[in-house]
Structure formats: C-alpha cells, structure tokens
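**Q** predicted coordinates and the sequence they were generated for:
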Amino acid sequence: MKLDKKIHKLINLEKRRQENTINLIASENYVSKNILKAQGSILTNKYAEGYYKKRYYGGCKYIDKIENIAIKRAKKLFKAKYVNVQPHSGSQANFAVYNAILKPGDTILAMKLSHGGHITHGSKINISGKIYNSIFYKLNKKENINYKEIKLLAIKYKPKLIIAGFSSFSKICNWKKFRKISNINNSYLLVDMSHIAGLVAANLYPNPIKYAHIVTSTTHKTLAGPRGGIILSSINNKSLYEKINKSIFPGTQGGPLMHIIASKAICFKEALNKNFIKYQKQILKNAKYMTKVFKKNNFKIVSGKTQTHLFLINLKNKNISGHTAEKILNKVNITVNKNYIPDDKKNSLETSGIRIGTAAITKRGIKEKTSSYIAKLICKTLKNIKNIKIIKKIKNKIINICKKFPIYKKII
Ligand SMILES: Cc1ncc(COP(=O)(O)O)c(C=O)c1O
C-alpha cells in the first residue's frame, strides 16, 4: 500500500508534537491503543441509519450487536435507563435534545459563556442562541454558582429548559438544587456533563442522572474515549426517549459513525475497570497540587480552588492577557487555552485568563510531584516572558519531562 506521503508526514509531525508537549488543555486526552485501533477499523465503511433491527440499510447484523454493547455498558457505567450513543459530538447531542423537547422561540436558561457555559447553551454566536430565546445566569462575586439568582430568573422567565454543566467551572455543582428550581415551572433540566463525565463514572463527582431529565456528554474529555457524544436519562418516560432517538435520526443526523460507537463501547469498558478510578483520583490530585503552586506564586485561581480536573487562572494582576500567556507557554512546549474569566473586559481572542486541565498529563503517568514542577515552570515562564535564555532552558526541561513520560508506552 502506498501511503499518502503529505498527510502521513503531517500525522507523524503531530504525533511528535504530542509526545514532546505537556498538554494542559482541559478538554483533551489520549485514547488507548484499543480505541485507536477500533477508530481506524473497517467499521468506517458501514452505513447503519436507524436503530437496532430497524435500520435503513442491509448488512447490519454485527453493527446491531456493537451498538447494543455500547448502550449496555454506558447504562451500567452511569446508572442510566436510557442511552443513545449515536451523537457525533457533544454539540450534536445538545442540539438533538433541544430539537426533541423545544420549539423555536422557547426560552432556555443557561450559564453565560464568559462565566463558564458552552457556546451550544444558547450563546448568540451559536445556532442555539438564534433559534431559542436564551437567558443567562452568572457566577456570583465569589465566583460560585448563584442558585438564588437562577431561581429568580426561572420564576421570572419560566424557561422550558434549564441547562447545568459547564466548560470551565471548577467546583462541585448541586444538581439537586438545580432540579428543585426546574420543578418550579416544570422546566426540563438538562445536565451537560461533558467535562466531568470521567469523574462521574468514577464516583468522584456527583452523578447528575438522578436529578436531570436528560444528561448529555462528550466521550473524549476526562472519560478518555473517542471524539463523540452520548445522551442519557433515568427518568421513566419512554415517549421522551423515543423523541430523543427520533431527534438524533432522522432529526439532526444521518448514519451513525460505527467505528466511533465501537470505540465508545471500549471506552465504557475501560471506565468500568477499577484502574479507571485510580486514574481519575490522580487527575484530581494533580489539579489540586498545581493550584497550590500557582497560589503560592500569587496567581489567582477563579472560584478560589478546584474540585475537578480543571481550573482557570485570572491573569489580571500579572498584566498579561490569556492570549500572550498561551503563546509564550507554547514556546516552552506547554499547551493551554486562553479563556474568559467571569466579567472579562477583554475579547474572546485576547481574554484575561487561561484554563488548565490535568486529564491528559495524568494519562501519560504524571503524578503530583511532576505536576507541581510543571506548575512552577509555568509560573517562571510567565514571569520571564521576555527572557529568551530562561525560556529556552524551560523548554528543555519540559522536553525532558515528556521523554520521561511517553504517551503511548504508558497507555495499553
Ligand atoms: C460543556 C460542553 N458541552 C459541549 C461541548 C461540545 O463538544 P464537541 O466539541 O464534541 O461538540 C463541549 C466542548 O468543549 C463542552 O465543554
């Protein structure tokens, strides 16, 4: 077989970049070799529009079995009664839910993007904010969830849907309080647990399935699976499940990605293993230790601390933007992303903060001692952004750490 040289060269360069970089992007992770294999398998050749035994294409005998295994494992992992494993992504999962339960113009209440929400939660720059009437809640002065404000907004606007679940909030969310608020006007409660799904699977973060009418998630963040989405529920409402299934296909998607669904099945099996709990515990430890170092060096952690895999650093007192920090850290082979902090005055390309997550470094075997050392190197980098000599030295130190913790030796 002749390789496509141009593309394979770029894949190899990207592989080298990943191996030589400390990846602190909170939404990224490394999949196991088993998952990589299933993603590159012949399953990519198969069309399977529809569901178990009700497909619009022939030859789905094995596909049906694979999809059923994925559903069964996800139900066990998250204690759900209903699971749809077909969403191509987290965004698709959210859109399918909206399409199933809302009409254009209906009101949704969600966290403001700049306070930690996600663009698909009704942001005006996203189709969800164009089709639906979105109202937003913010974090309070202490940068915590303000349940009182959410309750007042729910009473005032009577939203058809309330969304909880965030992209950059670092603390434990009280799903029960959210459900109580949603009960006031019989609003649906959707929890988007994309970021924390791995922690939920390991029982290290409260499972929202008991409280939410519907839960959506990505499978590629802390859950460490393939790039994709899922929808779950445990309420006794068969007609809601049917509505959501119809909303995925034929409502918003065509053929399911069977190579990804097989990979999701593998990911759920890996997450059901007790080693996964150890991995998730270490993610939390690493994040906690890093925040200690940042605080010692007078960096401000948004919301004061982290109880998850991620945290935001407010860089206002350091007089550098998130964009500058991201760029200079890139120079020392550390990847982070610039991020809004609550009530940020800077625009989305500049921002006043950076977001840091520990799921990926933990997957390559890094523990709290090295995590703290990486945090020290970040502080030093951000204090010496114009000192080329120091920057070069830090880069070499980071490359040495990467060599000590190769990605695809540790992951089976
Ligand atoms: C809370 C939340 N929901 C949904 C998504 C969207 O997922 P995807 O990128 O798979 O569409 C993200 C991704 O960052 C997210 O953080």
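**A** Good, I have the coordinates.

**Q** what's around residue 242, how many residues?
**A** As a burial measure, residue 242 scores 12 neighbours (other Cβ atoms under 10 Å). Placement of C-beta: from N, CA and C, glycine included.

**Q** which SS class is it?
**A** Secondary structure, DSSP: H, G, I helix; E, B strand; the rest coil: residue 242 is helix.

**Q** model confidence for it, exactly?
**A** Listed pLDDT for residue 242 reads 97.

**Q** so how far is residue 115 from residue 129?
**A** In this view, residue 129 and residue 115 are 15 Å apart by Cβ to Cβ, to the nearest Å.

**Q** and the two? Which one has more around it.
**A** Between residue 129 and residue 115, counting by other Cβ under 10 Å, residue 115 is the more crowded of the two (23 against 19).

**Q** grab the most central residue of this structure for me.
**A** Of all residues in the chain, the one closest to the mean position by Cα atoms, centre = their mean is residue 195, 3.1 Å from it.

**Q** point out where the stretch 51-200 of the chain drops to low pLDDT.
**A** For the stretch 51-200 of the chain, no stretch is flagged by pLDDT under 70.

**Q** can you measure across stretch 250-262, start residue to end residue?
**A** One end of stretch 250-262 to the other measures 21 Å (Cα to Cα, to the nearest Å).

**Q** what average pLDDT does that stretch get?
**A** pLDDT averaged over stretch 250-262 gives 98.

**Q** how about the residue of the chain found nearest the ligand, nearest residue that isn't a chain neighbour?
**A** Closest residue of the chain to the ligand, Cβ to the nearest ligand atom: residue 90 (2.6 Å). In space, and not counting its chain neighbours, residue 90 is closest to residue 218: 3.7 Å by Cβ to Cβ, 6 or more residues apart in numbering.

**Q** correct me, but the one you found touches residue 197?
**A** Yes. If you go by Cβ atoms under 8 Å, residue 218 and residue 197 touch, sitting 7.1 Å apart.

**Q** what's the neighbour count on residue 205?
**A** Residue 205, neighbours per other Cβ under 10 Å, totals 22.

**Q** now do the SS call for the closest residue to it other than its chain neighbours.
**A** Once flanking residues are discounted, residue 205 sits nearest to residue 199: 3.8 Å by Cβ to Cβ, 6+ apart. Following three-state DSSP, the label given to residue 199 is helix.

**Q** and for residue 199, the neighbour number?
**A** Residues near residue 199, counting by other Cβ under 10 Å, number 25.

**Q** OK, contacts around it?
**A** Listed by Cβ atoms under 8 Å, 6 or more residues apart in numbering, the contact partners of residue 199 are 205, 222, 280, 283, 284, 308, 309.

**Q** now with 7 Å, please.
**A** The neighbourhood of residue 199, defined by Cβ atoms under 7 Å, 6 or more residues apart in numbering, consists of 205, 222, 280, 308, 309.

**Q** would you turn those residues into TSV with secondary structure?
**A** Putting those into TSV (three-state DSSP) gives the following:
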residue	secondary structure
205	coil
222	coil
280	helix
308	coil
309	coil
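
**Q** of those - the most surrounded one?
**A** When the contacts of residue 199 are compared by neighbour count (other Cβ under 10 Å), residue 222 ends up highest, at 36 neighbours.

**Q** more neighbours, residue 218 and residue 197?
**A** residue 197 (30 against 24).

**Q** contacts for stretch 18-30, please.
**A** 195, 220-221, 224, 309-310, 333-337, 355-357, 359-361, 363-364, 374, 398-399, 401-402, 406-407, 411.

**Q** buried ones among those?
**A** When these are checked for burial by 16 or more other Cβ atoms under 10 Å, the buried set is 195, 220-221, 224, 309-310, 333-337, 355-357, 359-361, 363-364, 374, 398-399, 401-402, 407, 411.

**Q** in strands, which of these fall?
**A** The members of the buried ones among the contacts of stretch 18-30 that map onto strands under DSSP state E are 310, 334, 335, 337, 355, 356, 357.

**Q** tell me the secondary structure at the residue lying closest to residue 208 once chain neighbours are set aside.
**A** Take residue 208 and drop its neighbours on the chain: the residue closest to it by Cβ to Cβ, 6+ apart is residue 191, 3.8 Å away. Three-state call for residue 191 (three-state DSSP): strand.

**Q** residues in contact with stretch 77-85: which ones?
**A** By Cβ under 7 Å, 6+ apart, the list of residues contacting stretch 77-85 from outside reads 67, 70-71, 74-75, 200-201, 207, 209, 230-234, 241, 244-245, 248, 261, 264, 268, 271-272.

**Q** go through these and flag which are in helices.
**A** Those of these mapping onto helices are 67, 70-71, 74-75, 200-201, 241, 244-245, 261, 264, 268, 271-272, per DSSP state H.

**Q** go through those and give me the one with the most neighbours.
**A** When neighbours are counted by other Cβ under 10 Å, residue 264 leads those with 30 neighbours.

**Q** thinking again about what came up before, now the contacts of residue 199 as TSV including distance to the ligand and pLDDT?
**A** Shown next, in TSV, are these (distance: Cβ to the nearest ligand atom, whole Å; pLDDT from 0 to 100):
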residue	distance to the ligand	pLDDT
205	14	98
222	11	98
280	18	98
308	12	98
309	12	98
